[in-house]
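K.L.:
Show me the folded form of this:
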Amino acid sequence: MLPHSELLQLKRWNTPTIYNGWEQITKRDPAADAFNIEETRDFMPQMGPMVGYAVTVVIEPTNKAHRTTNPNAGEEYRRYIASMPGPKIVIVQDLDKPRVIGSFWGEVNSNVHRTLGCVGTITDGAIRDVDEMTNAGFKALARRLCVGHAHVHPVRWNCEVEVFGTKIKPGDLIHADKHGFIVINPDEAPKLLEASRFMDANECNTIIPAARGSAGLSSEQVLANLGTAISEFSANVKSKFGQQGEW
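P.N.:
Just a heads-up that it's a prediction; the model follows:
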């Protein structure tokens, strides 16, 4: 696991910036399995990004049989959450979707999970009590809002889940904000901060100033400056990571 100080630094960047660094260090192909391919909604964008390690649970509120199959599931699930190192992001796969009848999340459950070391959730179901969840310091990416709560009995936990078209395993590092989320494998995490910093600085030192410094120049001068900046950007990426950079 990364030092907490490094997680705090990752939180300073938005999720697209983290993606720019991640794509230079990953060996995954295709890369699309690392981020949500369905639309998410960030209901607390003012809280900025959240960073943490995935803890997972599957729910199916409409199936009452789960309550008799394992009547102690709720307590066992909370013990699992408490046992895992933080900061944690709770990934909830709701088997009732798209017909979500109620919310797993609200004022009470967000406070319970916050005291167990969780900083937020990504759920393909619904949430409610947005203001109260925000006051608890608990961020949520979800499919939608709803009025009612669901009588949730966990089906299974500490397992691979799929939300918004993306598979997430317990212990994966998650970076999420209003753009969506990215799933970082354990072997990718140690190089992530350095790569993200480099890519952000590379943009700020090459293409962006060339684009913004074009006032008063002719079209030919602008194109020439951009061409030089793009070549410099790509050369910097190739020198750092051994591959051609794209912007």
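K.L.:
can you give me the helices for the protein?
P.N.:
For the chain, helices defined by DSSP state H occupy the ranges 4-10, 15-25, 65-69, 73-83, 107-115, 130-135, 192-205, 207-212, 219-241.
K.L.:
So for residue 149, which of those sits nearest?
P.N.:
helix 107-115 (8.5 Å; C-beta to C-beta). In short, each C-beta sits where N, CA and C put it, glycine included.
K.L.:
that older thread, of the helices of the chain, which is nearest residue 154?
P.N.:
Comparing these by C-beta to C-beta, helix 73-83 comes nearest, at 4.2 Å.
K.L.:
mean confidence for the closest one?
P.N.:
For helix 73-83, mean pLDDT rounds to 96.
K.L.:
what do you get for stretch 237-247?
P.N.:
Rounded mean pLDDT across stretch 237-247 is 77.
K.L.:
Dump the helices of the chain to TSV, plus distance to residue 142.
P.N.:
Rendered in TSV, the data for these read as follows (distance: least, C-beta to C-beta, whole Å):
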stretch	distance to residue 142
helix 4-10	22
helix 15-25	16
helix 65-69	21
helix 73-83	18
helix 107-115	12
helix 130-135	10
helix 192-205	25
helix 207-212	33
helix 219-241	35
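K.L.:
Just name the most buried of the ones you listed.
P.N.:
helix 15-25 (a mean of 21; mean count of other C-beta atoms under 10 Å).
K.L.:
Could the C-alpha coordinates of the lowest-mean-pLDDT helix or strand in the chain be exported in CSV?
P.N.:
One helix or strand of the chain scores below all others by mean pLDDT, DSSP states H and E: helix 65-69, with a mean of 77. What follows is helix 65-69, C-alpha atoms only, in CSV (Å, rounded to 0.1, in the frame of the first residue of the first chain):
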residue,chain,number,x,y,z
ALA,A,65,-34.5,-14.7,0.8
HIS,A,66,-31.0,-13.3,1.6
ARG,A,67,-32.2,-12.4,5.1
THR,A,68,-32.8,-16.0,6.0
THR,A,69,-29.8,-17.5,4.1
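K.L.:
Which residues does that helix contact?
P.N.:
Contact partners of helix 65-69, identified using C-beta atoms under 8 Å, 6 or more residues apart in numbering, comprise 60, 73, 153, 154, 155.
K.L.:
Report the two of those residues separated the most.
P.N.:
Longest span within those, C-beta to C-beta: 60 and 73, 11.5 Å.
K.L.:
tell me, what's touching these two both at once?
P.N.:
In terms of C-beta under 8 Å, 6+ apart, residue 60 and residue 73 are both contacted by the residues 66, 155.
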